[in-house]
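Participant: Can you look at this prediction? I've put the sequence above it.
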Amino acid sequence: MHRKQLKRLVGSLILPLLLTLTAFAQERTITGTIIDQSTGLPLAGVTVMIKGEPKSAVATDVAGKFTIRTVNPRALLRFSYIGYEASELRPGSDPVRIALKKTDKSLDEVVVTGYGGLVKKRDLTGAISVVKSGDIVRAPTNDPLEAIEGMVPGADITRVSGKAGSGDSIHIRGTHTISGSTSPLYIIDGIQGGNISNLNPNDIETIELLKDASSTAIYGSQGANGVIIVTTKRGTSGKVKVAYNGYAGTNGFVQYPHPREGQSYLWLRRQAYAATGVWNSTADDARIFTAGEQAAIAKNQWVDWPSLITQNGLRQGHSISVSGGSDKSKAYLSLGYYGDNGMLKFNNIKQYNALLNLDQDVNSWIKAGLQVAFVYSNINTRSSDPYSLSTTATPLGTPFDSAGHIVVYPIAGNSGLMSPLSDNRGPLIATNNSQSTQSTVNAHVDLTPVKGLKLTSRFGANFFSSRGGQYFDSSSLEEINNKYTYASATNNSTRFYEWDNVLTYSRQVGDHSFSITGITAYTQNVKETYTEGGTGLLYPSQLFYNLNGAPNNRFIGSGYIQTNNMSYAGRLNYSYKGKYLLEVSDRYDGASILSAGHKNYNFPSASVGWRISDEKFMEPVNAVSNLKLRLSYGIAGNSGIPAYGTQSYLLVQNMGFENTNAPAYIFNSTIGNQNLGWELSKQANLGVDLGLFKNRIDMSVDVYNINTDNILLLRTLPSSLGVGSTFQNVGASRNRGVEVQVNTRNIDGPAFRWLSSINFTTNQEKITKLINGTSIIDGSQPETASLLLGHPIHSFYNYKKQGIWQLADASKASGLAFGTTPFKPGDIKLADLNGDHKISPDSDRTYIGSQVPKWTLGFQNTFMYKNFDLTVQIVMRWGQMINDQVLGRYNPAGQGNNGPQYFNYWTANNPTNDYPAPKANESLSSVPGYTTLQYVDGSYWKLKTATLGYNLPAGLLKKTVMTNLRAYVTVHDIFVQAKSHLIKDYDPERGGAEDSPLSRQIVFGLNVGF
């Protein structure tokens, strides 16, 4: 071989080896930690890579640490993480420490629009509000609806009771129906039939409220009252994550008016008898007080009954979850417990939750998922309300004997007054227990055989069973009048099935993007009920478990209901250049609940959007980071009647012929109507989304108009027909409103942040048409159940109270009569609407107000300083009227029944306009216009929730196995201020009911991650 050739050969062999050795000699290992800039907590899953070398990418671990190798001495590291601004760094000394700053990615967030539809917020054309998990778990409750109260414009949420285990009331954009359900449709992980109150708030990822018809029409006959879509948490790939969330604290501190005691109680009685000339001085007390009362007064035996019946209970919630998986298999498992001892003895709830979510990628085009959920609840409630009795009971006597036992009749010699504490003697005196289980199975499979084409088939089943048992001893409050023992049991079982098939084809062609969806949906609901009971049980220890031992008044009943719906729907989403947006949908529903010829109906909708901020002419306007205009129109429906409401059927009734029993068959009191049609709600919505200063100010405004036709009503029929009532399509209503949502980042510094969120809603609701062109005045409940043209469905019809007649107006008062009785000073002053100088029910009763508030507001502020955070929430309901039952507890006679101490009644020396003059032997019902006393302006504002939290610093977490640790204290329902001076020591969110007032909660909690 030639020498030059030999050198070349050796060089070709040695040079690569030298270069390789040199490369290994220059390889560099870079380590570091990545944290959140605002909280200082480590960030797991951050992508770290050498810029320009995608294969070099690594991810941070749970402690935020990473290790990456490179041979490039000038390597530039790039850090990226969802929800944070990307960052680049040319590392110097080792290790590296990077603080990433959160960025506003809200426009790229995905919103669920129904039947698997996923749309980026920037492309949304409907009115949809989203509440995320962090806000859902802020309130110490097991009810997700209560947790989001005051957070969503257009959603009017209030607590219906202070009892442990009670639910919430929600109306989305007002009330559209009379006889039908006003509740929205709930979709939990794609399936109907679930109960949102049974969900553990810690398991919820998002709650989305679909409000306008373009969003709800895809659900057709079930979407007229809005749709709430709940998405639970799923497993994620990577290291297994374990989380514990728990709290415990006090539930109580009830606001409730104190009844009269001491001189206040004595003086009302004396004034009442002074008005009749019986009492002139304390020397006459023996003439107006019984011997038992006088003995108790002499011993100063005054009793504050509300304080004795009320307790401060323990509220606690605990949840532990485990999640993790690989790229193909993911799982989420959660177990939860919630316990609440109510403000009354023997009122409590225990609830256990379990949830398992599994997701599996079978191959590149088949994915499957399975959800299994289980809920068990055990609730003890009080059937008889001791609050009403505690307000009206004589505040005298001995509630306990010398041994501490409850005295059933606290005033000696008075067997007519039963102690409000009577049921507290034990469960064998009064028991009202319910136990329920709900099991859910939800399975789906996703097929993507070709690019852009996806078929999802989902089957879900909900199985619900419950048992309610009651036992009341003859000396219980429930049997205060009957005086016999009573026991009963009711068993319910419900089976709900749903099968949905959704075929979607999506494609991008140049500047055009479209998605076409076809849907079939079938649901079936079956409910069975069995009830039995009787009186005269001899052994209290058997409670309701031996109903065969009830020898008297036995009864048995059962029921069966089945309904089916079959629906077909289609939807088109189109976008041009991401700026011009269109969505069109149509649903064809068939409901078994209606008669042949009326079962089926079409529910179309359309919406458009224009992203104005993406236009070139907006480029110079730097202050505007987002501007979108939305317009929608659609039709949703409501069947509005119970199952079999269109049919007439027979009932069996036992009759006696001398000593022989024989069955008789009679028509049900409600006869069928074969011509019933759908209630139809036609809704138009105009919306604007605006972001300013890189979305530091983010707001949405929606204006809507809803016209509902063919409203269904259960109408009372003339008694001459031999039946009681029937359902009819009687009229129409209109709802108009404005919704505003504003989110701001007021201060967004590295150490201190201040975020605000405010939502405002005004809704004007009125009945526009009734069957005879006139208002329908309910004969049995005219004040609360009448339907008034031009006013909201839930309105009050009564006389107008203008105060109390004063001495200076004596002659004017005497010229006005209630029936044939002229008014006098101290009487209630009622408006003479027709000017005939007579107050009559036909001429002088009118609309006086409505339960519908003129506007509602929610205002939330979050402050974060280093590792501390403070969130404060205020809610307001303004312009509503409530039927305050407490205000109707005034007793002008001063005896027999007590009443709240703060009631200010008229005397010649106390010219108040609150309550009429007292008078012995006169019941409240004999006072002209007495019903007006209960109706009052129920406007209020409330400091709803305040939470102070602390996150353990990242430096301390490094020394533990924990990834995060947060401790917090939350105070709920802190303070309420009513507009009216007549509402005192009472939370008007309760709506005026005197039983089960609302309580406050103070809890301490921990959030721990591993």
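Facilitator: Sure thing, it's come through. Residues are numbered from 1 along each chain as shown.
Participant: hang on, isn't G731 packed against N707?
Facilitator: No: taking C-beta atoms under 8 Å as the definition, G731 is not a contact partner of N707, at 11.7 Å. The C-beta positions use only the backbone N, C-alpha and C, and glycine is treated the same way.
Participant: Mutual contacts of the two, please.
Facilitator: Common contacts of G731 and N707 (C-beta atoms under 8 Å, 6 or more residues apart in numbering): T768.
Participant: Low-confidence bits of the stretch 701-850 of the chain, can you list those?
Facilitator: Applying pLDDT under 70 to the stretch 701-850 of the chain picks out residues 720-722.
Participant: show me where it has helices.
Facilitator: Taking DSSP state H, counting those that start in this stretch as the criterion, the stretch 701-850 of the chain carries its helices at 782-785, 810-814, 841-844.
Participant: so of those helices, which one's packed in deepest?
Facilitator: Scoring the helices of the stretch 701-850 of the chain by mean neighbour count under mean count of other C-beta atoms under 10 Å gives helix 782-785 as the most buried, with a mean of 16.
Participant: Number of residues surrounding P718?
Facilitator: 7 (other C-beta atoms under 10 Å).
Participant: show me what contacts it?
Facilitator: P718 neighbours (C-beta under 8 Å, 6+ apart): none.
Participant: where does the spatially most central residue of the chain fall, phi/psi-wise?
Facilitator: Note on the chain: the residue nearest the mean C-alpha position is L145, at 3.0 Å, using C-alpha atoms, centre = their mean. The phi/psi pair for L145 (degrees, to the nearest 10) reads phi -70, psi -40.
Participant: related to what we said a few turns ago, any chance of the helices of the stretch 701-850 of the chain in TSV, plus distance to N491?
Facilitator: Converted to TSV, the helices of the stretch 701-850 of the chain look like this (distance: least, C-beta to C-beta, whole Å):
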stretch	distance to N491
helix 782-785	32
helix 810-814	59
helix 841-844	45
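Participant: For L952, which of these is the nearest?
Facilitator: helix 782-785 (53.8 Å; C-beta to C-beta).
Participant: What's the local residue count around the closest residue in space to A810 that isn't next to it in sequence?
Facilitator: Once flanking residues are discounted, A810 sits nearest to P825: 5.3 Å by C-beta to C-beta, 6 or more residues apart in numbering. Neighbourhood size, P825 [other C-beta under 10 Å]: 19.
Participant: For P825, which residues are in contact?
Facilitator: Taking C-beta under 8 Å, 6+ apart, we find P825 in contact with 805-807, 809-810, 813, 906, 908, 917.
Participant: filter those to the buried ones?
Facilitator: Buried members of the contacts of P825, scored by 16 or more other C-beta atoms under 10 Å, are 805-806, 809, 813, 906, 917.
Participant: And these, which two are furthest apart?
Facilitator: Taking C-beta to C-beta, no two of the buried ones among the contacts of P825 sit farther apart than D809 and A917, at 13.9 Å.
Participant: for stretch 547-560, which positions count as buried?
Facilitator: 547, 550.
Participant: Flag every buried residue along stretch 118-135.
Facilitator: 119, 121-131, 133, 135.
Participant: Out of these, which sit inside strands?
Facilitator: Counting by DSSP state E, the buried residues of stretch 118-135 place 119, 128-131 in strands.
Participant: okay, those residues in CSV with distance to K942 and pLDDT next?
Facilitator: Putting these into CSV (distance: C-beta to C-beta, whole Å; pLDDT from 0 to 100) gives the following:
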residue, distance to K942, pLDDT
V119, 35, 84
I128, 27, 92
S129, 21, 92
V130, 24, 91
V131, 19, 91
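Participant: just these now: which is nearest G416?
Facilitator: When these are compared for distance to G416 (C-beta to C-beta), V131 wins out at 52.1 Å.
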